[in-house]
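In: Turn this into a structure:
(2 chains)
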Amino acid sequence: MKLKNRVLLFLLLVFLLVIAACSGDGGANTDTSDGEGDAGNEAANDGGDPAADAEAAGDQVLVFARGGDSESLDPGSTTDGESSRVTQQVLEGLLEFDKDSFELTPGLAHDWEVSDDGLIYTFYLEEGVTFHDGSEFNAEAVKINFERWANPEHEYAFADEGYVYSMYGTMFGGFAGDEGHVIEEINVINDHEIEFILNQPLGFFLQNLGMSYFAITSPAALEEHGAAINENPVGTGPFKFVNWSKDDSIVLDKFEDYRIDGLPKLDRVIFEVIPDNAARLIALRSGEIDIMDGLNPDDAASVEADEGLELLTRSENNFGYVGFNTQKEPFDQVEVRQAINYAIDKQAIADALYAGYATTAKNPLPPGYLGYNDEVEAYAYDPDKAKELLAEAGFEDGLDIELWTMPVARPYMPDPETVSQIVQNNLADVGIKANIVREEWAPYLEKTLQGEHELFILGWSGTNGDPDYFLSSLLHGSNVGSSNRNFYQNDEVDELLDRAKRAIDQDERADLYAQAQALISEDSPMVTLVHSTPVMATTKNVVNYVPHPSTSESLKEVELSN
Amino acid sequence: MFSYILRRLLMLIPVLIGMTLITFSIVHLIPGNPAQVILGETATANAIAELEKSMGLNEPYFVQYGHYLMDLVQGDLGTSLRSKAEISKEIWPYIAATFELTIFAMIFAVVVGVNAGIISAWKQNSWFDLLAMMVALIGVSMPIFWLALMEQWIFAQELGWLPAYGRQNSRDPIAAITHFYVLDSLIHLDFSRALTILKHLILPSIALGTIPMAIIARMTRSSMLEVMKSDYIRTVRAKGSGQFLVIYKHALKNAIIPVLTVIGLQTGVLLGGAILTETIFSWPGIGRYVYEAISYRDYPVIQSGILVIAFIFVLINLAVDILYKKIDPRIKY
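Out: The predicted structure follows:
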């Protein structure tokens, strides 16, 4: 049969071509022009920049690999870290966070003023700044962006296309018309001066403006792209968007007219998705990528030993915990909660699962945050004390409980399954029989929200560097049935948190939060386990890269040495 | 022949409608609220309610199905809840990526499998036969992810011959036209890129193609043994044809028919079952697309993804049936 013969011949040819491609490379892996094959060779690391091919040799092209793709490049419409990691490069907000902390620095606003009553914020904007599409950045652009987040009816809100700006709602007390919404009006004073009028003071208003979610998009681009703005981001940032291949790569190029002279230093940044942690490390070792996020803590030692690589850590900005449903018996008794706190060996968890990249936690707030209360005494590991307290509460014969364990790894909890087993063993030692309950992630979050659980394992990460985001979200009575999965309600704590939220004087706020932590520790609505320091790695060629606790850092000052 | 193809195509309509109902129902039986998953552990009850409303998830089941079907008829696969992009625009690169991988995996499986099967049958009970059948046995019983990790470890990390992940050199991405990167690089007349892209295909193709390769080898061997015993082969031999000609020209034509069925079925299986390979090798294919969608409860994407895979599966079966006729004129419709 002629057809079949031809098909077979073709298949054979293709196969031979593949074989040739494979073997031709093994022999000459240092001088192939495509640079891909030798990239796989560890020895090539000594040769400087192994994977850059001839045409790209002089270019500053950085490849940043991460575990998942971005959801949306419209910063306000998303809450996920992989999205802000990219939008951080393309768009800028009024304020920025410092390189390695949540200290505020100027962004598109070079200066700002707050009225004494904390209700009027005036921002002085940078002049002569242009968006990537060539249109001019001005106060009107800021106003349009904030209004589109606040008002679902706004022409650029795209509510019909499924856009919800949930981070705006969370940080500014809801949306236009909601009772708690704090932004009353936004007034353009002139092109470079804008005024936000609040209907009540908000202690972390400025802190919110540093978040990458509230970065400014070009109004001309909103007009042009409409709801497709999430695939065509246009900002004033150091890099402009070029191309997005979903679940593969996002390519950004240097913005030549960037408002700061001499920046950015890189010509091109490529965000690459490599889901598997081990494969990502292989790619880094072979020089195919320059920076990898999400290193397994267990691999940290081998990265440190590797001469071609650099190990980096993000500062602690999270904590993992075992929470109680404090409205369910017997966890409504403070003795039982304290007993469980004494029974759990936090240090053992930190040592066993985080390879040293974690410290034990005593407050539901990472150290270094405004108002962190270092005076609070940690519950030490003390099984005898735990048994005593249980006896006091009337459970000398032991207890039978449910321990819910989360099914996914998070930065604050790389291995929840093992954590729950350690907790189970610790509890068995004091006579509590914990039955581990497993649920899928979506139902897990839902059911713990509805209070079906007894004990549960979860954690929390900071976004704006303000204690309110930790303490109020997790422990304020008004968030029961929402983010307060401990069902914890203490009027005194609520009042302290409310006052701190409305105060503008940061020292006063610090004091109020410190008081709240003391009360919370006494009430013990959760067992705070550890703060983790997420680890990542780069090749030695990467210069000036500083990981930010928010997981989104600007790459504008990063360069590659040769 | 033409009316047969037309009839088969028309039969696709009820099959597809049935499929939409099944996938729609299964997807909606998955526990967990997509709004909750999208917003994560930091979500407030208000935000979840808002998102549910905007996604239309608070409408009754059949209303949602009705909307879905109406849109589908108009060629609208819906909008991804997660990326807010139109699925019909978003899905092609994923399909192309999977197709490319599947084609190369099947080339590997067919070329190696058919030839190993023929030689095994030809030299029945020789050392080659024993070895090939042993390899085939190991091949069908080997977990794909294990094979993939071994390949990465040996050929990427230790020997450094081949890239461990992705479809191309990530520093130098290709300007995609068809999203079949091999084809795109040839259109650009960029042969060094084509070589790079082929190299990226080798490890995942072998990982994905090993199981069908083993199945095809065994199928070819038994089919060949059967045919070699038949009278017409004896006749051909008696006429003095050489061994090679007897096998590849006369025997293979009949022996290949059952093998074709297996090849068709396996191609369909690979298309849908590439999730593990795609994840391990960071291959942005349809398997990964649906997998990510499942973990986000991205209903429209899961539905469309499964529907597209099923549709392709049906088309491949149709192609196999048509090919039968080409190869064996005795088959009547």
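In: residues contacting A:Ile189?
Out: By CB atoms under 8 Å, 6 or more residues apart in numbering or on different chains, A:Ile189 lies in contact with A:122, A:139, A:195. Bear in mind the C-beta positions are built from the backbone N, C-alpha and C, glycine included.
In: repeat that with 7 Å
Out: Applying CB atoms under 7 Å, 6 or more residues apart in numbering or on different chains to A:Ile189 gives the contacts A:Glu195.
In: and it, which of the three is it?
Out: Following DSSP: H, G, I helix; E, B strand; the rest coil, the label given to A:Ile189 is strand.
In: okay, now B:Arg237: neighbour count?
Out: B:Arg237 has 14 neighbouring residues, counting by other CB atoms under 10 Å in any protein chain shown.
In: Do I have it right that it meets B:Val246?
Out: Yes: counting by CB atoms under 7 Å, B:Val246 is a contact partner of B:Arg237 at 6.0 Å.
In: State the distance from the residue of the stretch 101-250 of chain B found nearest chain A to B:Ile154.
Out: Proximity of the stretch 101-250 of chain B to chain A (CB to the nearest CB) peaks at B:Gly160, 3.4 Å away. Distance of B:Gly160 to B:Ile154, computed by CB to CB, to the nearest Å: 10 Å.
In: which intervals of the stretch 1-150 of chain B have sub-threshold pLDDT?
Out: For the stretch 1-150 of chain B, applying pLDDT under 70 flags the ranges B:40-43.
In: what about the helices in the stretch 51-200 of chain B?
Out: For the stretch 51-200 of chain B, the helices defined by DSSP state H, counting those that start in this stretch cover B:61-73, B:87-122, B:127-141, B:144-151, B:181-187, B:191-228.
In: ok, now which ones touch the residue nearest to B:Val114 when sequence neighbours are not counted?
Out: What sits nearest to B:Val114 in space, not counting adjacent residues and going by CB to CB, 6 or more residues apart in numbering or on different chains, is B:Thr220, at 5.1 Å. B:Thr220 sits next to B:113-114, B:117-118, B:255, B:259 when contact means CB under 7 Å, 6+ apart.
In: neighbour-wise, which of B:Gly160 and B:Ile154 wins?
Out: Set side by side, B:Gly160 and B:Ile154 show more neighbours around B:Gly160, with 22 against 13, by other CB under 10 Å.
In: Next up, the contacts around A:Asp523.
Out: The neighbours of A:Asp523, taking CB under 7 Å, 6+ apart as the test, are A:334, A:490.
In: and if we set it to 8 Å?
Out: Counted by CB under 8 Å, 6+ apart, A:Asp523 has contacts A:334, A:337, A:488, A:490, A:493.
In: Which residues are in contact with the residue in chain A that chain B sits nearest to?
Out: Nearest residue of chain A to chain B, counting by CB to the nearest CB: A:Ala442, 2.4 Å away. Residues counted as contacts of A:Ala442 (CB under 8 Å, 6+ apart) are B:31-34, B:36-37, B:297.
In: Contacts only, for the residue nearest to it when sequence neighbours are not counted.
Out: Sequence neighbours aside, B:Gly32 is the residue nearest to A:Ala442 in space, at 2.4 Å (criterion: CB to CB, 6+ apart). B:Gly32 makes contacts with A:440-443, A:446, B:297, as judged by CB under 8 Å, 6+ apart.
In: Run through the residues that contact residue 306.
Out: If you meant another chain, say so; for now it's chain A. Residues counted as contacts of A:Asp306 (CB under 8 Å, 6+ apart) are A:Arg285.
In: Chain B, not that one
Out: B:19, B:23, B:290.
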